[in-house]
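Colleague: only geometry, no sequence info:
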């Protein structure tokens, strides 16, 4: 039986999805594994540390890419950025890993225009910033909704140039006016008028075409048939999903739960029975990058945990925020994702090839908290999760007492 693992962040992102993905991709070294990036985009920062100390923060490429038997598939809902993809691909090559990458021909593509609109808008909002990463993911969604013929990875030079010029010369100022911005900052005036950044983008776009195998929709079935197992790697966390109206407006542009992965799975005609394992990832405490509601927020010093070595202060999201483990919201949002939003698939898959669906948890950063959950009232053993999620019939609770896959155990 083939296995499908779906990795989902429970809270606001930064839970450890990179480690979980690397762990599960490394379970099947005797067969080819397809690491599917099916939601989010270039704002992802999934950290993987190898036992020899090699470290990489994965953005476009699947976090299982250090495994030689793993290939990445950028599915339709993943938002690509050639200016981020190409440097990452080359960085992996420097680390003696040349990734095998497939891309759905329908993927949306970010250009420098969306990135600039995103950054100008965030600056304009000042203290009321959305909390964006500044790489144009939401603005790519918006431009694709408005553009009659958006950029696609299949474009030739003539098509690509025409579309990019429309974004640059017509859409840019029009979109800024929609956002209430009638004065373009001087530095961005120079960027939009200069060909330098657009020449770099053009080179990156066509380099990405060469580095990836483009897969048209009718060929996706055949692609999946070449692999023995699948790991779906979600972006961000359940509480940042665009469907979480309680936390508006500081949300991501994507649905971050099960639904996008299930959409891909249900479109595949599997030639063998598949077992679906959904794994919700969480730290032993909470973190949040960027602005927005954070019910259990506290000072890092109150938790007594070390500063995160990856998530440094940056211009757009500022400092990483810390908070106590939020058990109530973990239960609430996982329950909603499984028992409300996707109940029908979980209980009655519409494909005869899809077997049982199992729910598991994956708890990271355990070594920083003496193997306990740092809840607001008092620390609690990780094992309490089993009783609090008893209606899910949990098979396993994975724990990670360090940054590498060798630090992963099962309760």
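Modeller: Arrived safely. Computed from a predicted model, the values in this text were never measured in an experiment.
Colleague: can you give me the strands for the stretch 1-150 of the chain?
Modeller: 2-9, 33-37, 46-49, 55-58, 70-74, 79-80, 101-104, 108-109 (DSSP state E, counting those that start in this stretch).
Colleague: tell me the most buried of those?
Modeller: Among those, ranked by average contacts under mean count of other Cβ atoms under 10 Å, first place goes to strand 33-37 (a mean of 27). C-beta here means a position set from N, CA and C on the backbone, and glycine is covered the same way.
Colleague: that strand: partners in the sheet, and parallel or antiparallel?
Modeller: Paired with strand 33-37 in the same sheet, following DSSP bridges, are strand 70-74 (parallel), strand 229-237 (parallel).
Colleague: what average pLDDT does stretch 398-407 get?
Modeller: Mean pLDDT, stretch 398-407: 97.
Colleague: next one: stretch 107-120
Modeller: Stretch 107-120 carries an average pLDDT of 96.
Colleague: kindly report the same for stretch 297-314.
Modeller: 85.
Colleague: and stretch 147-162, by the same measure?
Modeller: 96.
Colleague: end-to-end on that stretch?
Modeller: Distance between the two ends of stretch 147-162: 12 Å, counting by Cα to Cα, to the nearest Å.
Colleague: reformat the strands paired with strand 33-37 into JSON lines and put distance to residue 165 next to each item.
Modeller: JSON lines is the format used below for the strands paired with strand 33-37 (distance: least, Cβ to Cβ, whole Å):
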{"stretch": "strand 70-74", "distance to residue 165": "25"}
{"stretch": "strand 229-237", "distance to residue 165": "30"}
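Colleague: mind telling me which of those strands the model trusts least?
Modeller: Minimum mean pLDDT among the strands paired with strand 33-37: strand 229-237, a mean of 95.
Colleague: quick check: next helix or strand after it?
Modeller: Following strand 229-237 in sequence order, the next helix or strand is helix 259-266 (DSSP states H and E).
Colleague: rewinding a little: among the strands paired with strand 33-37, which is nearest residue 152?
Modeller: Among those, the nearest to residue 152 by Cβ to Cβ is strand 70-74 (12.5 Å).
Colleague: the closest one: how far from the chain's middle?
Modeller: Taking Cα atoms, centre = their mean, to the nearest Å, the mean C-alpha location of strand 70-74 is offset from the chain mean by 14 Å.
Colleague: and for stretch 371-381?
Modeller: Distance, centroid of stretch 371-381 to centroid of chain: 27 Å (Cα atoms, centre = their mean).
Colleague: and for stretch 275-291?
Modeller: 11 Å.
Colleague: begin at 394 from now on, thanks
Modeller: New numbering, starting at 394: the last item is stretch 668-684.
Colleague: still on that earlier bit, reformat the strands of the stretch 394-543 of the chain as CSV; add distance to residue 609.
Modeller: Below are those laid out as CSV (distance: least, Cβ to Cβ, whole Å):
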stretch, distance to residue 609
strand 395-402, 23
strand 426-430, 17
strand 439-442, 27
strand 448-451, 26
strand 463-467, 13
strand 472-473, 16
strand 494-497, 8
strand 501-502, 16
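Colleague: which of those strands sits closest to residue 512?
Modeller: strand 472-473 (16.3 Å).
Colleague: elements contacting the closest one?
Modeller: On a contact count with 3 or more Cβ pairs under 8 Å, 6 or more residues apart in numbering; DSSP states H and E, strand 472-473 meets strand 501-502, helix 530-539.
Colleague: partner strands of the shortest one and their direction?
Modeller: Pointing back at strand 501-502 there. Going by DSSP bridges, the partners of strand 501-502 are strand 472-473 (parallel).
Colleague: pLDDT below threshold where in the chain?
Modeller: Residue ranges of the chain with pLDDT under 70: 520-525, 704-711, 734-746, 748.
Colleague: domain assignment for it?
Modeller: Split into domains by automatic domain parsing, the chain comes to 395-499+606-803, 503-605.
Colleague: return the most buried member of these.
Modeller: Note that of those, domain 395-499+606-803 is the most buried (mean count of other Cβ under 10 Å), with a mean of 19.
Colleague: what residues are up against residue 719?
Modeller: 404, 679, 688-689 (Cβ atoms under 8 Å, 6 or more residues apart in numbering).
Colleague: I meant to write residue 686 there.
Modeller: So residue 686 contacts 639-640, 643 (Cβ under 8 Å, 6+ apart).
Colleague: from those, which is closest to residue 395?
Modeller: Using Cβ to Cβ, those come closest to residue 395 at residue 640, 35.8 Å.
Colleague: next up, phi/psi of the nearest residue to the closest one once chain neighbours are set aside, please.
Modeller: Using Cβ to Cβ, 6 or more residues apart in numbering and skipping residues adjacent in sequence, the residue nearest residue 640 is residue 686, 5.1 Å away. Torsion angles at residue 686 (phi, psi; degrees, to the nearest 10) stand at phi -60, psi 140.
Colleague: could you check how far residue 686 is from residue 781?
Modeller: 22 Å (Cβ to Cβ, to the nearest Å).
Colleague: then residue 679?
Modeller: For residue 679, the distance to residue 781 - Cβ to Cβ - is 16 Å.
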